[in-house]
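Enquirer: Quick one, what's the 3D model for this:
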Amino acid sequence: MKSARQDILDKLKTAVHAVPEKPDFSTPVYPSIEQPLEIAFKENLEKISGNVHLFPSEKELFIGLKSFLERFNPADVYCNETAIQEQLNHLQIHYSEYSEDHKNIEVGITGCEFLIAHTGSVMVSSAQKGGRQLFVYPPIHIIVATKNQIVDYLEAAYSAFQNKYRENLPSQIAIITGPSRTADIEKTLVFGVTQSYLVLLFPSPFFDICLPFIFYLCSMEKGWKQVFMAAVEYKAEMAKDLLEKQGIKVVVFNQHDTAFQNFGEINLYVSEEDEARAIELLKELKH
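Expert: Numbers count the residues shown, from 1 in each chain. Below is the predicted model of the structure:
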């Protein structure tokens with residue numbers, strides 16, 4: 001008498017196995033982008049709660065940028081990239097050069113590697129002057145890019161990145177997609193609470209056709225005040241629990257670098273009317 005194991009094996013041997021259909025590897029994985037890449041980039045940002053505005057000229061764009069930066073102390077606006085600095089100097093936009101000694105940083109102005117139209121993403125790397133600090137620390141990050149940096153899909157960005165650096169790849173590549181959002185605590189998704197992205201897209205000198213400028217800004221909601229900052233998540237959670245037990249609504253914004261947890265911090269925000277009471281309650285945790 002055959003064992004149950006042998007019986008199962010015999011049935012498997014005699015079973016009819018349908019031949020799977022041969023996959024068509026030439027078929028594109030993603031649907032093709034029918035619009036101009038800059039328009040697709042704009043639309044995909046809007047799908048993830050981004051705001052995009054078109055400017056008719058470079059002059060109007062930088063007037064808007066200058067006006068936007070006037071609300072900040074010039075000592076808290078940082079830029080380390082020479083090409084961008086030249087434009088800022090020409091337009092008399094005040095800024096400082098970032099170094100590790102600077103602690104109070106509100107706005108960081110950088111370039112990028114590529115813009116990805118399919119997802120509305122920005123690719124940055126540690127090879128850019130200023131390193132990765134200006135992508136992590138500033139509550140407001142302004143990115144300046146040119147038309148020839150737009151690619152259709154992520155794989156095209158990676159291929160172009162490899163061709164650009166070849167055997168000298170940077171230590172880190174990061175993809176920024178849309179405004180800040182976090183669901184680290186209680187799994188509640190919050191969009192654009194503190195961090196803002198301002199993407200300025202303009203034509204490269206290698207292009208003869210003038211492309212309208214794109215101004216992308218995701219501002220934090222007004223009326224929220226930072227009351228606590230922690231380097232580790234458990235301290236932020238302790239502070240959040242303490243405030244919520246007193247009936248204070250708290251929004252948590254995690255600025256930790258996902259690859260290097262010693263970069264960045266976790267900030268707690270409360271409404272303006274709860275600010276004074278929250279600060280008083282949190283005094284013991286800050287010691």
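
Enquirer: Where does the prediction get shaky in the stretch 51-200 of the chain?
Expert: Flagging of the stretch 51-200 of the chain using pLDDT under 70 yields the residue ranges 51-62, 100-103, 131, 179-200.

Enquirer: where exactly do the helices run in it?
Expert: 58-69, 82-90, 133-136, 154-165 (DSSP state H, counting those that start in this stretch).

Enquirer: so what's Ala145 bridging to?
Expert: Ala145 has the following beta-bridge partners by DSSP bridges: Leu201.

Enquirer: I'd like to know how far it sits from Val124.
Expert: For Ala145, the distance to Val124 equals 10 Å [Cβ to Cβ, to the nearest Å]. Every residue, glycine included, has its C-beta placed from N, CA and C.

Enquirer: Please enumerate the shared neighbours of those two.
Expert: Taking Cβ atoms under 8 Å, 6 or more residues apart in numbering as the contact rule, Ala145 and Val124 both touch Cys112.

Enquirer: picking that back up, between the helices of the stretch 51-200 of the chain, which gets nearest to Leu37?
Expert: Leu37 lies closest to helix 154-165 among those, at 10.2 Å (Cβ to Cβ).

Enquirer: Distance from the chain centre to that closest one, please.
Expert: 19 Å (Cα atoms, centre = their mean, to the nearest Å).

Enquirer: ok, now stretch 128-136?
Expert: Here stretch 128-136 is found 12 Å from its chain centre; the criterion is Cα atoms, centre = their mean.

Enquirer: can you count the residues close to Val144?
Expert: If you count neighbours by other Cβ atoms under 10 Å, Val144 ends up with 21.

Enquirer: looking at the helices of the stretch 51-200 of the chain, which is buried most?
Expert: helix 133-136 (a mean of 22; mean count of other Cβ atoms under 10 Å).

Enquirer: who does the residue positioned nearest the centre of the chain bridge with?
Expert: Centroid-nearest residue in the chain: Ile176, 3.1 Å away (criterion: Cα atoms, centre = their mean). Beta-bridge partners recorded for Ile176 (DSSP bridges): Val122.

Enquirer: Let me see the contact set for it.
Expert: Ile176 neighbours (Cβ under 8 Å, 6+ apart): 121-124, 135, 141, 143, 197.

Enquirer: returning to that earlier point: Gln35: which of the helices of the stretch 51-200 of the chain is closest?
Expert: Closest to Gln35 of those is helix 154-165 (Cβ to Cβ; 16.0 Å).

Enquirer: Tabulate the CA atom coordinates of that closest one in CSV.
Expert: As requested, the backbone C-alpha atoms of helix 154-165 are provided in CSV (Å, rounded to 0.1, in the frame of the first residue of the first chain):
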residue,chain,number,x,y,z
LEU,A,154,12.1,57.2,-12.1
GLU,A,155,14.2,54.6,-14.0
ALA,A,156,15.2,57.4,-16.5
ALA,A,157,16.3,59.5,-13.5
TYR,A,158,18.4,56.7,-12.1
SER,A,159,20.0,56.0,-15.6
ALA,A,160,20.8,59.6,-16.1
PHE,A,161,22.2,59.8,-12.6
GLN,A,162,24.5,56.8,-13.2
ASN,A,163,25.6,58.4,-16.5
LYS,A,164,26.3,61.6,-14.8
TYR,A,165,28.5,60.2,-12.0
